[in-house]
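Undergrad: sequence first, predicted model second:
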Amino acid sequence: MSHPTFAVALCLCPAAVSASARAQSATSVEASASSVASFEASVSALKQDFEARLAALEAQLAEQKVAREAAEKAAKSKWYEKIGLRGYTQLRATSLFNQDHTPNLVVPADSSVSETETLLIRRGRFIFSGDVSEHVFLYAQFDAFGSVGGSGDKGLQARDLYADIALDADKEYRFRVGQSKVPYGFVNLQSSQNRAPMERADALNSAVEGERDLGAYFYWAPKEIRTLFRDLVRKGLKGSGDYGVLGFGAYSGQGLNRSDQNNEFHWLGRATYPLQFDNGQILELGAQAYTGDFVVSTQQLGSGAGAVTPTAKAGGLDDERVALSAALYPQPLGFEAEWTWGKGPELNNTLTAVEVESLQGGYLQVNALIETSKGPLFPFARWNYFDGARKFRANAPSNEINELDVGFEWSPWPELELTVMYTHTFERTNTTDTSGPGFYARTEDADRLAFQLQWNY
């Protein structure tokens with residue numbers, strides 16, 4: 001028996017199946033189209049990101065090219081285009097007390113110590129320096145108010161003119177040739193621009209008046225120590241500068257801007273090292289020594305029947321010294337001490353001949369670095385002592401010095417410094433006075449107050 005409903009269903013089923021398949025196909029096509037659109041969008045985004053990155057890389061390469069070309073151009077520039085100019089000037093005035101006791105008070109390094117002097121430009125320095133090439137550094141310093149010809153007049157004076165010849169890229173090994181500071185004594189190497197007391201201690205400075213001479217030296221110091229030497233100056237800690245951890249060499253021995261007199265070198269060696277403690281404070285210890293023959297000039301003493309001209313060995317007299325140095329940098333309290341021993345030319349007691357005599361002397365100094373809202377303040381006190389001779393003076397007269405300096409340096413701005421210093425002279429020989437009985441006068445219990453304004457540029 002047949003069922004009409006079942007037959008109708010069988011007839012309608014293929015059409016229904018076909019419609020369902022078409023619907024599924026349409027859905028699949030739409031999904032595929034959506035996938036393609038999404039893929040194309042992703043590709044477009046990647047392309048844009050790649051193009052942006054490529055443009056940034058091209059810009060970076062262009063900047064590097066410009067920088068490289070600028071560096072190459074700078075490297076090819078003329079040596080004189082790399083030389084910098086700096087310097088400083090010191091204006092000084094000194095007031096003497098107890099005028100009736102001080103007419104013979106003479107400080108050879110400081111002509112402002114005078115009953116007739118008012119204002120004095122003690123130093124007017126101009127410094128040219130820079131790297132001529134990777135291995136050669138040039139340094140030239142001139143003083144617009146230097147002593148000229150020993151007459152007391154002032155004029156342009158050459159102080160330094162030397163080249164540092166480096167053997168390596170870090171300049172740890174280098175030669176210094178020309179006119180430069182003789183590396184003897186911490187205080188001699190310390191620039192007057194940085195030193196707090198107005199003048200150097202006589203005992204150390206008597207070895208090399210003017211601190212400079214013609215010579216050639218070899219210096220060695222590791223890169224990190226060279227950086228430390230530089231920072232001790234830049235941070236206002238009164239460093240001496242970079243003269244190597246080890247140094248040795250030879251120099252003329254006759255002094256600043258003077259010709260040699262015996263065709264013989266003075267030989268010198270120096271070692272120093274800065275020790276840094278856990279608290280950051282630095283202690284620098286050093287030792288130095290030199291040997292040579294010094295030719296002394298002579299002149300007549302007295303007049304008339306009592307006149308005498310001392311004799312001196314033509315080829316020079318033994319000139320040998322050794323010194324120990326210690327500097328605890330002010331962070332905030334500090335201490336300096338140097339002492340020298342040796343022998344050298346000295347006028348004998350009968351005033352008839354310059355002979356070889358022993359000598360000794362040095363200084364002890366305490367100081368501090370106090371940071372204030374108005375700029376750093378640097379108080380100090382120094383005892384200055386020497387018992388020896390002034391070899392650079394005619395006849396190399398005996399020179400006894402015993403003084404106490406107390407003062408402070410204040411720097412309201414980096415380019416300006418004011419120093420006030422009081423000095424009590426227990427004893428000082430006037431090595432310029434050759435008149436009267438005994439010839440060389442001696443001053444005792446004298447007092448002076450000095451003011452100095454320094455501007456840096």
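TA: That came through fine.
Undergrad: gap between the host helix or strand of Ala446 and the chain center?
TA: With the criterion set as DSSP states H and E, the secondary-structure element containing Ala446 is strand 442-456. Between the centre of strand 442-456 and the centre of its host chain there is 25 Å, according to CA atoms, centre = their mean, to the nearest Å.
Undergrad: packing partners of that strand?
TA: strand 84-96, strand 416-429 (3 or more CB pairs under 8 Å, 6 or more residues apart in numbering; DSSP states H and E). (Glycine included, C-beta is placed from N, CA and C.)
Undergrad: pick the most buried one from those strands.
TA: Most buried of those, by mean neighbour count (mean count of other CB atoms under 10 Å): strand 416-429, with a mean of 19.
Undergrad: what does it rub up against?
TA: Counting contacts by CB atoms under 8 Å, 6 or more residues apart in numbering, the residues outside strand 416-429 that touch it are 105-107, 196-198, 397-412, 440-456.
Undergrad: related to what we said a few turns ago, so which bits of the strand holding Ala446 are buried?
TA: 443, 446, 448, 450-452, 454 (16 or more other CB atoms under 10 Å).
Undergrad: direction included, what does that strand pair up with?
TA: For strand 442-456, the paired strands and their directions (DSSP bridges) are strand 84-96 (antiparallel), strand 416-429 (antiparallel).
Undergrad: the first one: what's the following helix or strand?
TA: Reading on from strand 84-96 to the C-terminus, the next helix or strand found by DSSP H and E is strand 119-131.
Undergrad: may I have that next one as CSV, with CA atoms only?
TA: What follows is strand 119-131 as a C-alpha-only set of coordinates in CSV (Å, rounded to 0.1, in the frame of the first residue of the first chain):
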residue,chain,number,x,y,z
LEU,A,119,99.4,97.5,43.3
LEU,A,120,101.2,94.8,41.4
ILE,A,121,100.2,92.4,38.6
ARG,A,122,102.1,89.3,40.0
ARG,A,123,101.2,87.1,37.0
GLY,A,124,99.5,87.7,33.7
ARG,A,125,99.6,84.3,32.0
PHE,A,126,98.4,83.3,28.6
ILE,A,127,98.5,79.6,27.7
PHE,A,128,98.2,78.1,24.2
SER,A,129,97.8,74.3,24.1
GLY,A,130,96.4,71.5,22.0
ASP,A,131,97.0,68.3,20.1
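Undergrad: buried sites along that strand?
TA: Buried residues in strand 119-131, counting neighbours by 16+ other CB under 10 Å, are found at 120, 122-129, 131.
Undergrad: show me what it is packed up against.
TA: Counting by 3+ CB pairs under 8 Å, 6+ apart, the elements that strand 119-131 packs against turn out to be strand 84-96, strand 136-147, strand 154-166.
Undergrad: that one: partners in the sheet, and parallel or antiparallel?
TA: strand 84-96 (antiparallel), strand 136-147 (antiparallel).
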